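Trainee: sequence and predicted structure below; questions after.
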Amino acid sequence: MQNALVPAYQVAKPLLTMQVHYSKTTEQFLLAAKQAELSTLQQLSSSTQVVTGISELIHQLQRERGISNIYLASHSEHYSKERTVQLKQTLISEQQLRVILSEHYLPVTLRSGASRLMHGISLSLQGLDNLVALRSLITEQKLTPLQCTEAYCRLISSLLNLVADVAEGAGEPQMTRLLVALFNLMQAKEHAGQERAWGAMGFASGQFDPNICERLQQLQATQEQQLHLAQSLVDIYLENLFQTEHVQGKTEFVQLRKLIQQLSDGTAVAPVLCEVWFDMASERIDQLYTLEQQVLKHLNSQAQQKLAEGEQAMQQHRQQLRALSERTSKPEHPSSLLFDPSQPGLFGSILQPAMAAFTKEGTDLHRTFYDLLQEQAQHIQQMQQQLQDAKQALIAQKQIDRAKLLLMQQSQLSEQQAYRQLQQLAMHSQQSLAVVAATVIETHTKHK
C-alpha cells in the first residue's frame, strides 16, 4: 500500500517546489469557457435567420387567413383570384422556413432546452403538413369563417411559441431583450389579425353583438400592452419607430373601431363595409409588419456585431495568456482561489488584515492568471443578471398563459372568460396580471 502512494507523491512534489501559477489544463478550461460563450453567439447569429423565416411565414399565413375569411363569407364570390396568388406566396415562405429549420437544427446538437424546441418545431411542421387539407375544406366551403380563423390561429400560435423558445435560449442580454421585444411585437400583430377577422365577421353578418364587441375591445387592449412592452425593450435606435400611426393605424381605421363600438346594441350595418374594414385593418397590419422587419434587421445587425466582439475577446484572451506564460518575473505569492476573501471559506470566520494584505501582494505590479478568472466570473455574473431581467417579460407572459389554461380546464371557461377573470382578480387585488397568474398557478399546484 505504501509503494502505491509513492508515484502520487513524486508527481505532487514538483508542484510544491516550483512556482506553478496555473496548469495547462486550467488554461484550457478558461479558454473553453470563453469558447462556449462564443459558440452561444454563433448559434444566436444563426437563430436570427430562423426568426426571420418564421416572421415571414406568419405574415403570409395571416394574409391567407384574412383572404380565406372573405372568400368563405362571400361564398366564393370575392377574393378568389387573390386567394390563389396568396396560396403560392405562402408556399414559398413555408418551403424557405423548412430549409432554414433543417439546416439550423438537424442533426440535433447538444444544447440546453433542445428537446422542447425540437418538439415545438415538429408540432408546427405537422400543422403545416396539413394545410393542404384545410385549404381543400375552404375551397369546398365546408368550414365557417370562425372555424377557418381558429385553425390558422392555432398554427400561427405554434410558430410564435418557437420565437419565444429562441428568445428564452438566446444567452446574451441585449439580444434577448430584442428577441423578447420582437416576440411581443409579433404577438401584437397576430392579435391585430384576429381583430381584423372578428371585425370582418361582424360586418359580413350585418350586425355586431355585444360579445364580438367585447372581444374586439380585449384584442385592442392586449395589442396596446404588447406594443408598449416591445417599445420598452428595444434600444434607442428603434424606440422612435413606434410612432402612433405605426401602432394605432390611420385615422380612418380608428374611426371604424369607434363605429363598431357604437353598433354594439345590434344596430344593422351595411355588409359592404366588410371589405373597407378588411383593407384598412390589413394596411395597419402591413405597417406593423414593416416595423417588425426593421426590428429584425437591427437584430441581425446586432447579432453580427456581438459575434465579431466575441471573436475579438477570444483573441485578446489568448494574447493575455500568452503574455502571462512568457513573463520571466512572477510574484512570489500569486493571488488565487486559496486566498481570495470574496470566495466562501470557513463558515463564521472573519478575514484577518494580514491575510487580506497577503492576497493583494504582487497584484498591483503584475497582472495574474487569477485576474483573468475573476474578470470572467464577473462578466458571467453580470450577463446572468441582465439575462434574467431581459427574460422577465417572457416569463410573465408564460405564467399568464398557463394560468389562463388552468382556469379554462378547472372552470370550463373560454380563453376570453379566463383572461377576463385574471383581469378582475388583478384589479381587485391591485396587483399585476403576472403576480395574479403566479398565485393562480401556486394555488392549483397545492390542491393538485
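Mentor: Here it is on my side, so go on.
Trainee: got the contact list for the nearest residue to Gly249 once chain neighbours are set aside?
Mentor: The shortest distance from Gly249 to any residue other than its chain neighbours is 3.6 Å, reached at Arg284 (C-beta to C-beta, 6 or more residues apart in numbering). For the C-beta atoms, the positions are set from N, CA and C on the backbone; glycine is no exception. Shown here is Arg284, whose contacts under the criterion C-beta atoms under 8 Å, 6 or more residues apart in numbering are 192, 248-250, 253.
Trainee: of these, which is the most crowded?
Mentor: When neighbours are counted by other C-beta atoms under 10 Å, Ala192 leads the contacts of Arg284 with 26 neighbours.
Trainee: downstream of the one helix or strand Thr25 maps to, the next helix or strand is which one?
Mentor: Applying DSSP states H and E as the criterion places Thr25 in helix 24-73. Per DSSP H and E, helix 24-73 leads on to helix 80-105 as the next helix or strand towards the C-terminus.
Trainee: so what angle separates the directions of the helix or strand just after that next one and helix 24-73?
Mentor: Reading on from helix 80-105 to the C-terminus, the next helix or strand found by DSSP H and E is helix 114-129. Angle between the axes of helix 114-129 and helix 24-73 is 20 degrees (criterion: axes from the mean of the first three to the mean of the last three C-alpha atoms, to 10 degrees).
Trainee: show me where the stretch 101-250 of the chain has its helices.
Mentor: According to DSSP state H, counting those that start in this stretch, the stretch 101-250 of the chain carries its helices in the segments 114-129, 131-139, 145-168, 173-205, 210-233, 236-239, 244-248.
Trainee: give me whichever of these is most buried.
Mentor: Stretch with highest mean neighbour count among the helices of the stretch 101-250 of the chain: helix 173-205 (a mean of 24; mean count of other C-beta atoms under 10 Å).
Trainee: quick one: list the elements packing against it.
Mentor: Other helices and strands packing on helix 173-205, by 3 or more C-beta pairs under 8 Å, 6 or more residues apart in numbering; DSSP states H and E, are helix 24-73, helix 145-168, helix 210-233, helix 251-262, helix 273-326, helix 369-411.
Trainee: could you redo the last one with a cut-off of 10 Å?
Mentor: Judged by 3 or more C-beta pairs under 10 Å, 6 or more residues apart in numbering; DSSP states H and E, the packing partners of helix 173-205 are helix 24-73, helix 145-168, helix 210-233, helix 236-239, helix 244-248, helix 251-262, helix 273-326, helix 369-411.
Trainee: Gln194 versus Asn130, what's the distance?
Mentor: Relative to Gln194, Asn130 is positioned 21 Å away (C-beta to C-beta, to the nearest Å).
Trainee: actually, Ala396.
Mentor: 21 Å.
Trainee: again with Met118
Mentor: 28 Å.
Trainee: show me where pLDDT drops low in this structure?
Mentor: 1-21, 108-113, 237, 244-246, 328-334, 350-367, 446-448 (pLDDT under 70).
Trainee: how does it divide into domains?
Mentor: 43-106+114-310, 368-448 (automatic domain parsing).
Trainee: okay if I get these as TSV plus distance to Leu321?
Mentor: Listed next are the domains of the chain as TSV, based on distance: least, C-beta to C-beta, whole Å:
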stretch	distance to Leu321
domain 43-106+114-310	17
domain 368-448	7
